[in-house]
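Trainee: 3D model of this:
(one chain, ligands or ions: 4)
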Amino acid sequence: MDIMSYYSAEVNKALADSVQGENRLHEAMRYALLSGGKRIRPVLMLAVLDAYGYPWKQYISVALSIEYIHTYSLIHDDLPAMDDDALRRGKPTTHIAFDEATAILAGDALLTDAFSLISEDTVLSAHEKVQLIQILATRAGSKGMVYGQVLDLHYEGASVTQAVLESIHHHKTAKLIEAPLMMASVIANERDIKVWESIGKTLGLAFQIQDDVLEVISDEKMMGKSLSDVRNEKSTYVRLLGIKEARLKVDEMFSKVKSLVRGLDVNVDVIDGIVESVKKRLN
Ligand code: IPE
Ligand code: IPE
Ligand code: MG
Ligand code: MG
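Mentor: Residues are numbered from 1 along each chain as shown. Ligands and ions are numbered 1, 2, ... in the order given. Below you'll find the predicted structure:
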């Protein structure tokens, strides 16, 4: 078993058990959650805990909270008012499979339930829960991913500087990659929290540029999602710098992530293994 699936298999099992109920809302939540997601964010959190020697399986429900927020962000990202896409995780998007109102509400429910998952946890202290909720809320909310989505839409069709583009990517994508790394650090008594934030930012930027490169060199079948950057005239590194420069940037950033990880007193092999799998991803 590769290192990603060592953790993601547990995430998938717990996700399947996490949404109970048979009404249309629950069906839509399950539809969006229990599909071909790579589970990179929860895996990052669990791998960091493992790398610090913590019993990572105890913290699965916290890891699920991050996947809930990420999945909600994807449901809303695909809506007609946003990227207007029909394919996600190898299946019709939630608003196509159900309807727009149900997709909006399934997103709302996942966002809200994410915080129930943390607050109802039975292992963490009350103080830890507040710290975790604070990190997740700030990375997801109006200073985090949601703001990034606003910028992403605002700059459609515009010409942007590299600094603006980096800010869009930092907010819309990297903040939700910082979150799991920082949340693991909080559980590990805030060890290296600033370094994890920096690793998350760099890995998140690499991840988004890589996504925009894959969008050009891959296809919808392989990616399992609609490739709509050109139709939507999105501002991307590929558009700004060209594919060759964008790829160099991705390599440079993955190298920076690895050197930051090497400076930490953790089981580096575990983190390196995950970073390497992300670097080699084909979808
Ligand atoms: C897709 O994220 C959205 C971006 C930030 C590029 P992922 O590539 O992690 O999507 P899933 O969860 O595997 O579907
Ligand atoms: C990814 O946005 C970021 C979020 C969903 C918050 P994109 O629009 O660039 O990603 P894809 O291509 O739809 O996965
Ligand atoms: Mg988008
Ligand atoms: Mg999109």
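
Trainee: drop to CA atoms for contacts and neighbour counts, all remaining ones
Mentor: Will do.

Trainee: wait, does stretch 134-150 contact ligand 1?
Mentor: No. Stretch 134-150 stays out of contact with ligand 1 when judged by CA under 6 Å from any ligand atom, the minimum separation being 9.6 Å.

Trainee: pull out the buried residues from whatever helix or strand Val62 lives in.
Mentor: Val62 is part of helix 60-77, with elements assigned from DSSP states H and E. Buried residues in helix 60-77, counted by 16 or more other CA atoms under 10 Å: 60-76.

Trainee: contacting residues around that helix?
Mentor: Applying CA atoms under 8 Å, 6 or more residues apart in numbering, the contact partners of helix 60-77 are 10-11, 14-15, 32-33, 39, 41-43, 45-46, 82-84, 93-95, 103-104, 106-108, 110-111, 113-115, 117-118, 121, 136, 140, 149, 176, 179-180.

Trainee: now find how far off-centre that helix is within its chain.
Mentor: How far helix 60-77 lies from its chain's middle: 8 Å, per CA atoms, centre = their mean, to the nearest Å.

Trainee: what is the mean pLDDT for that helix?
Mentor: On average, the pLDDT along helix 60-77 is 98.

Trainee: please see if that helix touches ligand 1.
Mentor: No. Using CA under 6 Å from any ligand atom, helix 60-77 never reaches ligand 1; the gap is at least 6.7 Å.

Trainee: where exactly do the helices run in the stretch 151-283 of the chain?
Mentor: Secondary structure of the stretch 151-283 of the chain (DSSP state H, counting those that start in this stretch): helices at 162-169, 175-187, 193-217, 220-223, 237-241, 243-262, 268-279.

Trainee: just checking, what packs against the helix or strand in which Asn12 is found?
Mentor: In this structure, Asn12 sits in helix 3-18 according to DSSP H and E. Here helix 3-18 touches helix 40-51, helix 60-77, helix 268-279, going by 3 or more CA pairs under 8 Å, 6 or more residues apart in numbering; DSSP states H and E.

Trainee: near ligand 2, which residues of the stretch 151-283 of the chain?
Mentor: Counting by CA under 6 Å from any ligand atom, the stretch 151-283 of the chain comes close to ligand 2 at Lys172, Thr173.

Trainee: cool, and the stretch 1-150 of the chain?
Mentor: Ser73, Leu74, Asp77, Met145.

Trainee: if we go to 8 Å?
Mentor: 70, 73-78, 83, 85, 88, 145-146, 148-149 (CA under 8 Å from any ligand atom).

Trainee: picking that back up, what's the next secondary structure element after the helix holding Val62?
Mentor: Sequence-wise, the next helix or strand downstream of helix 60-77 (DSSP H and E) is strand 87-88.

Trainee: partners of that next one, with directions?
Mentor: Each strand paired with strand 87-88, and its direction, by DSSP bridges: strand 91-92 (antiparallel).

Trainee: related to what we said a few turns ago, export the helices of the stretch 151-283 of the chain to a markdown table and append columns for mean neighbour count and distance to Asn23.
Mentor: Shown next, in a markdown table, are the helices of the stretch 151-283 of the chain (neighbours: other CA atoms under 10 Å; distance: least, CA to CA, whole Å):
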| stretch | mean neighbour count | distance to Asn23 |
| --- | --- | --- |
| helix 162-169 | 18 | 36 |
| helix 175-187 | 27 | 29 |
| helix 193-217 | 21 | 34 |
| helix 220-223 | 15 | 30 |
| helix 237-241 | 18 | 42 |
| helix 243-262 | 17 | 43 |
| helix 268-279 | 17 | 36 |
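
Trainee: nearest to Val130, out of the ones you listed?
Mentor: Nearest to Val130, of all the helices of the stretch 151-283 of the chain, is helix 175-187, at 10.4 Å by CA to CA.

Trainee: pLDDT (mean, whole number) over the closest one?
Mentor: Over the span of helix 175-187, the pLDDT mean works out to 98.
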